[in-house]
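[1] Provided below are the primary sequence and the corresponding predicted coordinates.
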Amino acid sequence: MISVIDLLKLPSMKEGYIAAGGSGIYHVIRRFEILEETYPSVVRFLDEGTFYVTSFWNLADDKESRIHLIEAMIEHGCAGIGIMPGGYLNNEIDREILQLGNEYDFPVVYIPVSVRWGDLVAEYSVISNNNIEAMERRWLELALGIFVDFHLGNDPGVLCERMSETLRLPVVLSAVTVYSHGTKGLNVAALTSRIQNIRQNGGKAIQSPMIIRADISRIAVLYFGEHSMIACCPAREGIQDNILQLYHQMAPFAVRELDNMISRSKKIRKIEVNVPYYGNARVYIAVLRFDNYEKTKHAMDKKYILYESNPYQKYCILLIPEEEENTSSVYEAYCNMIETGQPDLFLFSQGKYRQKNLQREVSRIKNLIHSLLFLKGCYSIDELSLIYMMSSAPRAQDVFVYSAGQLQTKPSAEVKTFLHTLRLYLVLHSIKDVSLLMGIHVNSVKYRMEKAMQYLEMDSDLPLNEIASLNVLMHVERLAAEIR
């Protein structure tokens, strides 16, 4: 595995240097090419992980195109560029190119005019064909860095992100909660649902690794732990052996570490002796999730019962006994909890539960939210099943839910607020309860609902009850599943 910094070890490059983008010197070089095609026609040939060398002879008089070419390389994830400015650029690399390199950690290497392209290519070929020791050293550096950080932080989301960025592939992992990175355009909910079905049906007979179809253009290479799973999703046409080899080395360690974390998480506190006993009283349920969990969880009102605290998935479950809050004011209590704690995700129950039914309901909630932690905002617990089904539905079904116009445009921040308000009304069927929950006037609730109906291209006087309500609710729940 060759990085940009390794190019300075080539005999021809003894007078070369990194002119900009020094933070990207460990970008892995997958291909090494001499750039001769002019801009913009060259853009269609730019490949991720490719390092290009050029004298810019064909763009010597077109500074603007040189700059646009570097921007295109950054956008396509190229490893970097080596520029020989001595022949055609008065021995100066454009200041704008250097600025782009530093801003985006895109290495720009100065190549002396004395270097011959043939020597450079030949020397690169030698180290690329004899770099087993370098590959092992880089593997140790990458693995140690990623897994040491995971030991310190115990954050599966960061592990997923680091592995995805190292491999430059979409990565999905499950450690009770599902995490993903680099998966734009991939239906993660549908993929994880298929993987879970395979695991449940196969049981202990499942062997790692396993390869399945992720979608029409990608495969998923799966590794299973006892309680965890990890998958990378390369494009079928672009599978590179060296990258998959690195993944096959990392994945078994990853699932082992995730299993260890899950085993430690069994110590998470549930209803303990020092938790107030609430007798035969019925309780409401509230689930709060924070990105900055440790700092914010202490802001919760101590009069509520902390049923469960999960620092790994960054949520806590609170109980509100009915003697503390009556039916007419529980939504005010929810509103106060939102304003005090500022959670990223807030789930609330509409009904009350007795102790004998509480564990069953909490188990149902946890099974659903582990696949829906991408949600942001305020939701009723009763919505979770529908949102899960909508997020897992084939994307081809969108045409039956959205109008043609809605498929092409994403709602603005203001429209999202209108849609969330409409959704809460469709669930609660009470403008007063929605106003209490959101802390806004009833007239504001009506205004937002009217605007949301206009966005959905539906008559604002449509009777929002029973079947008609469910029809509209499917629209906004699908939007909630897609808006991340």
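    Nice, thanks for sending it over. Residues are numbered from 1 along each chain as shown.
[2] do you know how far V4 is from M250?
    Per Cβ to Cβ, to the nearest Å, V4 is found 21 Å from M250. For glycine as for every other residue, the C-beta is placed from the backbone atoms N, C-alpha and C.
[3] can you pull the contacts of the residue nearest to the spatial centre of the chain?
    In the chain, the residue lying closest to the centroid (Cα atoms, centre = their mean) is H181, at 4.1 Å. H181 makes contact with 157, 160-161, 163-165, 170-171, according to Cβ atoms under 8 Å, 6 or more residues apart in numbering.
[4] Filter these down to the buried ones.
    Neighbour counting with 16 or more other Cβ atoms under 10 Å marks 157, 160-161, 163-164, 170-171 as buried within the contacts of H181.
[5] between the residues you listed, which is nearest L424?
    G157 (28.0 Å; Cβ to Cβ).
[6] Now do the SS call for the closest one.
    Secondary structure assignment for G157 (DSSP: H, G, I helix; E, B strand; the rest coil): helix.
[7] I'd guessed it sits against Y179; true?
    Yes: contact status for G157 versus Y179: in contact at 4.8 Å, counting by Cβ atoms under 8 Å.
[8] And the strands in the stretch 351-484 of the chain, which stretches?
    377-380 (DSSP state E, counting those that start in this stretch).
[9] In it, what residue spans correspond to helices?
    355-369, 384-392, 398-401, 404-408, 413-428, 431-438, 442-455, 466-482 (DSSP state H, counting those that start in this stretch).
[10] go on, the stretch 201-350 of the chain?
    Ranges of helices in the stretch 201-350 of the chain, per DSSP H, counting those that start in this stretch, are 241-265, 293-296, 330-341.
[11] Could you chop the protein up by domain?
    Each domain of the chain is listed here as a residue range: 2-129, 133-265, 340-482, per automatic domain parsing.
[12] Which of those domains sits closest to A333?
    So among these, domain 340-482 is nearest, using Cβ to Cβ, at 9.2 Å.
[13] what's the average pLDDT for stretch 429-437?
    Per-residue pLDDT values over stretch 429-437 give a mean of 89.
[14] sorry, that was for stretch 123-141
    64.
[15] Then stretch 51-71?
    93.
[16] likewise stretch 284-292?
    85.
[17] CA atoms only for it, dumped as CSV, please.
    Coordinates of each C-alpha in stretch 284-292 appear next as CSV, following Å, rounded to 0.1, in the frame of the first residue of the first chain:
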residue,chain,number,x,y,z
TYR,A,284,-45.9,7.7,30.8
ILE,A,285,-42.7,6.8,28.9
ALA,A,286,-40.3,9.3,27.4
VAL,A,287,-37.1,8.4,25.5
LEU,A,288,-34.4,11.1,25.0
ARG,A,289,-31.3,10.7,22.8
PHE,A,290,-28.4,13.2,22.7
ASP,A,291,-25.4,13.4,20.5
ASN,A,292,-23.6,14.9,23.5
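[18] Give the buried residues for it.
    284-290.
[19] out of those, who's nearest D94?
    Nearest to D94 out of the buried residues of stretch 284-292 is F290 (Cβ to Cβ; 45.1 Å).
[20] Can you verify my assumption that the closest one contacts G341?
    Yes: using Cβ under 8 Å, F290 makes contact with G341 at a distance of 7.3 Å.
[21] dump the residue contacts of the spatially closest residue to V427 that is not a sequence neighbour.
    Nearest residue to V427, sequence neighbours excluded (Cβ to Cβ, 6 or more residues apart in numbering): S380, at 4.6 Å. For S380, the contact set (Cβ under 8 Å, 6+ apart) comprises 347-350, 424, 427-428.
[22] and the most far-flung residue of the chain relative to its centre, what are its phi and psi?
    Relative to the centre of the chain, the most outlying C-alpha is that of S114, 46.1 Å out, by Cα atoms, centre = their mean. When read as degrees, to the nearest 10, the backbone of S114 gives phi -80, psi -10.
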